[in-house]
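Colleague: Need a 3D model of the following:
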Amino acid sequence: MPGGRLTQQERQQIALGLADGLAYAEIARRLDRPTSTVTREVMRNGGPAAYRADLAHRATEHRAHRRGQAAPRGTQAPPQAHGRDAEAVRAYEEVFTTLFMQQGLPKMMARVLTCLFTTDSGSLTASELVRRLEVSPASVSKSVSFLEAQGLLRRERDEGRRERYVVDNEVWYQGTIASARGTVQLAETARQGVAVLGAGTPAAARLENIARFMDFVGESILRAAEQAREVLSTNSGTQPDPRHIDPPADHPSS
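Modeller: Numbers count the residues shown, from 1 in each chain. All right, here's what the predicted structure looks like:
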């Protein structure tokens, strides 16, 4: 399997594959590359609708040039904690960031969240995020405000009264609960449409089916989140075995 950076010819093949409507996995298979490499390449260069091979190639060369300027010859990146491979960590962070972007997060917000998730402390200050991500304080501030509004991180003060941004099990729980409540609200809104469109009509039947589906999904997520939270708190300091989390009970029939 070829390694190293993508060539300009490979990027042209990616562009052709996207134009033909091929899945990332199929494009990757034709290039003999990991699917994550193709996914990351497309997402960091405009997404499937805006990807251009020549622009992507120039952008990559520009980033490499900037990294070369930022790191003078003879210097090395600081060693990773716990003997980690710096290149492997960086590649993993890109994959994680791409996943968040695929789920709808803007790129900068995805980078901040990945940075928080992959740091051992689970919390960073604004200045630490600026230094790690090599972005402006304004970019970090905007991203943090967005993520906090989504329930994906929280703020706290450390002993030095510095504001820190934190991700932990409680934040994950609260974010899941917020998502589940949104699903339940969608069910309620769909059910309101049944009366408006007239019970027994095709449109009303469709909305009722949506409501029932969303009711089941939302309630299942809420129960599972509560069970997972209890297991995590019971096994504090250890990694819980997901097999010990009971699946949601069957939804009662209407």
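
Colleague: Quick check: the gap between residue 193 and residue 219.
Modeller: Relative to residue 219, residue 193 is positioned 20 Å away (criterion: Cβ to Cβ, to the nearest Å). C-beta coordinates here come from the backbone N, C-alpha and C atoms, glycine included.

Colleague: go on, residue 233?
Modeller: Distance check for residue 233 against residue 219: by Cβ to Cβ, it reads 22 Å.

Colleague: what does residue 200 give?
Modeller: When distances are taken as Cβ to Cβ, residue 200 and residue 219 turn out to be 26 Å apart.

Colleague: Pick out whichever of the two has more residues nearby.
Modeller: residue 219 (18 against 8; other Cβ atoms under 10 Å).

Colleague: Sticking with that one, tell me its helix or strand.
Modeller: Under the criterion DSSP states H and E, the helix or strand holding residue 219 is helix 202-234.

Colleague: swap in residue 160?
Modeller: Judged by DSSP H and E, residue 160 forms part of no helix or strand.

Colleague: How about residue 124?
Modeller: strand 123-125.

Colleague: by contact count, what packs against that strand?
Modeller: For strand 123-125, the contact count by 3 or more Cβ pairs under 8 Å, 6 or more residues apart in numbering; DSSP states H and E identifies helix 107-117, strand 163-166 as packing neighbours.

Colleague: ok, then the element right after that strand?
Modeller: On the C-terminal side of strand 123-125, the nearest following helix or strand under DSSP H and E is helix 126-133.

Colleague: Can you tell me the closest non-neighbouring residue to the residue most central in space within the chain?
Modeller: In the chain, the C-alpha nearest the mean C-alpha coordinate belongs to residue 100, at 1.8 Å (Cα atoms, centre = their mean). Setting aside the residues directly before and after it, residue 100 is nearest to residue 110 in space (Cβ to Cβ, 6 or more residues apart in numbering), at 3.7 Å.

Colleague: neighbours of the one you found, just the number please.
Modeller: Neighbours of residue 110 (other Cβ under 10 Å): 22.

Colleague: Next: residue 191.
Modeller: In terms of burial, residue 191 registers 17 neighbours under the definition other Cβ under 10 Å.
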